[in-house]
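In: with the sequence up front, the predicted model follows.
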Amino acid sequence: MAQLSGLLLCGALLGFACLDPGVAVEVKVPAEPLSTPVGKTAELTCSYSTSVGDSFALEWSFVPPGKPLSASHPILYFTNGHLYPTGSQAKRASLLQNPPTGGVATLKLTDVHPSDTGTYVCQVNNPPDFYTNGLGLINLTVLDEVSGQLILTNLSLTYSGTYRCVATNQMGSASCELTLSVTDPSKGRVAGALIGVLLGVLLLSVAAFCLIRFQKDRRRRPKETYGGSDIREDAIAPGISEQTSVRPDSSKGLLQRPPSSSSVTTTKSKLPMVV
């Protein structure tokens with residue numbers, strides 16, 4: 001009897017094991033983390049396989065870095081043919097295919113911020129398919145824009161050349177080149193002094209030319225003569241003889257006034273007169 005009971009129990013267990021449990025939900029996401037530059041659009045790929053029925057539901061949620069899955073925040077939820085965005089990222093979140101009933105549940109997140117860095121959970125529920133958890137985890141890293149500069153001091157001729165900057169991150173690598181040419185400061189001083197000398201010579205040349213031109217113009221002018229209306233210093237007034245003209249008195253150093261007209265004597269002619 002004991003052996004018969006054992007055989008019946010084993011048969012019953014095998015019968016339950018052989019029953020068709022239905023189709024299991026299978027969710028697929030990329031195995032590698034995703035990186036997106038700040039301000040760009042991130043596509044978090046998620047696909048699933050199940051027999052979609054009236055109880056099908058899709059949920060996307062976000063887990064901040066270092067937090068457990070239980071601390072996830074919902075982003076959007078699809079059920080009964082309707083999409084319900086929720087949370088702080090709802091305005092920037094959408095589905096690549098809506099409704100997501102064709103096996104594609106990819107999430108698009110526009111204008112990503114550094115705070116969007118974390119783990120995103122794609123979860124599909126389709127009762128009575130409870131044989132898997134229907135979860136897919138995607139790690140997203142938002143890359144900040146970082147700038148750098150190279151500062152060179154006490155430049156010399158040895159610093160002249162080509163400088164190459166290389167940046168590398170999860171997205172790949174990029175590089176840029178810059179050519180620097182350092183000139184000799186002494187050459188600049190010599191050039192400045194030479195220019196100063198040339199300017200000085202030019203100014204002297206202009207001054208000499210103007211002086212020579214002025215002298216030539218002065219020599220070409222005719223000598224000045226007295227006109228008919230000019231009064232000479234030694235001229236005699238009308239009606240006064242040379243004897244009555246004003247003569248300087250060398251003994252007194254003064255001009256001697258001539259005698260008055262009443263004292264002026266006349267000399268009679270000594271020629272004979274015929275009566």
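Out: All right, it came through fine.
In: please enumerate the helices of this structure.
Out: 2-18, 185-220 (DSSP state H).
In: lowest-confidence stretch among the ones you listed?
Out: Comparing mean pLDDT across the helices of the chain, the lowest value falls on helix 2-18: a mean of 38.
In: verify the contact between residue 37 and residue 140 for me.
Out: No. Residue 37 is beyond contact range of residue 140, at 11.9 Å (criterion: C-beta atoms under 8 Å). Bear in mind the C-beta positions are built from the backbone N, C-alpha and C, glycine included.
In: those two: who's more crowded?
Out: residue 140 (19 against 14; other C-beta atoms under 10 Å).
In: extract the CA atoms of stretch 82-96 and return them as PDB.
Out: Listed next in PDB are the C-alpha coordinates belonging to stretch 82-96 (Å, rounded to 0.1, in the frame of the first residue of the first chain):
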ATOM      1  CA  HIS A  82      -4.700  54.700 -22.500                       C
ATOM      2  CA  LEU A  83      -1.400  56.400 -21.700                       C
ATOM      3  CA  TYR A  84      -1.000  58.200 -18.400                       C
ATOM      4  CA  PRO A  85       2.200  60.300 -18.000                       C
ATOM      5  CA  THR A  86       3.100  61.100 -14.400                       C
ATOM      6  CA  GLY A  87       6.100  62.400 -12.400                       C
ATOM      7  CA  SER A  88       8.500  65.300 -13.000                       C
ATOM      8  CA  GLN A  89       9.800  63.800 -16.300                       C
ATOM      9  CA  ALA A  90       6.300  63.300 -17.700                       C
ATOM     10  CA  LYS A  91       6.400  66.400 -20.000                       C
ATOM     11  CA  ARG A  92       9.600  65.100 -21.600                       C
ATOM     12  CA  ALA A  93       8.700  61.400 -21.800                       C
ATOM     13  CA  SER A  94       6.800  59.600 -24.600                       C
ATOM     14  CA  LEU A  95       6.600  56.200 -26.200                       C
ATOM     15  CA  LEU A  96       8.200  55.400 -29.500                       C
END
